[in-house]
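> How does the following fold in three dimensions:
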Amino acid sequence: MNVVDFYRTHRVKLGVLLVTTLLVFWLVVAFQRSFLLLGDPEPVAKAIGAGYLLLPCIGAWALIRELFFGAQTQRMARQLDSEGGLPVDDLPRTPAGRIVRSAADQAFPAYQAAVEADPDNWRSWFRLSCAYDAAGDRKRARRAMRDAAALHKRGAGDTTGG
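Numbers count the residues shown, from 1 in each chain. Got it, this is the predicted structure:
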């Protein structure tokens with residue numbers, strides 16, 4: 001496998017690795033700066049250091065949460081793929097490669113109906129999340145994927161493969 005093929009097959013993982021590395025670097029620097037401020041004899045500097053310490057804590061929590069979410073999503077996608085249950089990516093695209101919104105909107109009701117028919121099946125929620133994403137509604141796509149992940153953890157919908 002040459003470098004170009006490696007990049008194409010691992011592009012998303014490389015992007016996650018780069019962003020994670022940069023965020024971890026920022027977290028380390030922010031922790032260091034906050035401890036320097038906490039060690040300063042001035043009360044104002046100590047207060048700023050304490051406040052500044054919250055930022056890397058929140059950043060670390062968000063990073064860990066998103067990495068676990070991504071790993072869970074990848075596990076569900078692999079399982080659906082092995083079952084032949086991933087939605088087919090056959091929607092028309094613009095010359096720039098974006099999905100045509102009207103086509104995604106037309107395909108959406110079938111995925112929504114599947115969730116309404118079986119709301120405890122994580123596979124239906126996963127496919128609905130993909131439909132939301134195709135339609136450009138990232139907020140609802142993430143919410144549906146979190147619902148799918150919660151159901152997957154509980155083992156909901158595992159009595160059927162589809």
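
> Any regions of this protein where pLDDT drops low?
156-162 (pLDDT under 70).

> domains in it, as residue ranges please.
The chain is divided into the following domains under automatic domain parsing: 3-83, 101-154.

> Relative to D90, which of these is closest?
D90 lies closest to domain 101-154 among the domains of the chain, at 9.0 Å (Cβ to Cβ). To be clear about C-beta, it is placed using only N, CA and C from the backbone, and glycine gets the same treatment.

> For P95, find the nearest of the domains of the chain.
domain 101-154 (14.6 Å).

> measure that closest one end to end?
Distance across domain 101-154, first residue to last, is 33 Å (Cα to Cα, to the nearest Å).

> picking that back up, which of the domains of the chain sits most buried?
domain 101-154 (a mean of 18; mean count of other Cβ atoms under 10 Å).

> returning to what we had before: in JSON lines, list the domains of the chain along with distance to P95.
Shown next, in JSON lines, are the domains of the chain (distance: least, Cβ to Cβ, whole Å):
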{"stretch": "domain 3-83", "distance to P95": "20"}
{"stretch": "domain 101-154", "distance to P95": "15"}
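
> Could you pull out the helices in this structure for me?
Assigned by DSSP state H, the helices in the chain fall at 3-38, 43-83, 101-117, 122-134, 138-154.

> Out of the domains of the chain, which is closest to R93?
domain 101-154 (8.9 Å).

> I'd like the distance from that closest one to the chain centre, please.
14 Å (Cα atoms, centre = their mean, to the nearest Å).

> From the centre of this structure, give me the residue that's furthest out.
P41 (42.6 Å; Cα atoms, centre = their mean).

> thinking I48 is in contact with R33, fair?
No - counting by Cβ atoms under 8 Å, I48 stays clear of R33, with 9.6 Å between them.

> between these two, what contacts are shared?
Residues touching both I48 and R33 by Cβ atoms under 8 Å, 6 or more residues apart in numbering: none at all.

> picking that back up, dump the helices of the chain into a markdown table; add distance to L91 as well.
Listed next are these as a markdown table, based on distance: least, Cβ to Cβ, whole Å:
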| stretch | distance to L91 |
| --- | --- |
| helix 3-38 | 20 |
| helix 43-83 | 18 |
| helix 101-117 | 5 |
| helix 122-134 | 6 |
| helix 138-154 | 15 |
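
> For P92, find the nearest of these.
helix 101-117 (5.2 Å).

> Identify the residues contacting the closest one?
87, 91-92, 121, 124-125, 127-128, 130-132, 134-136, 144.
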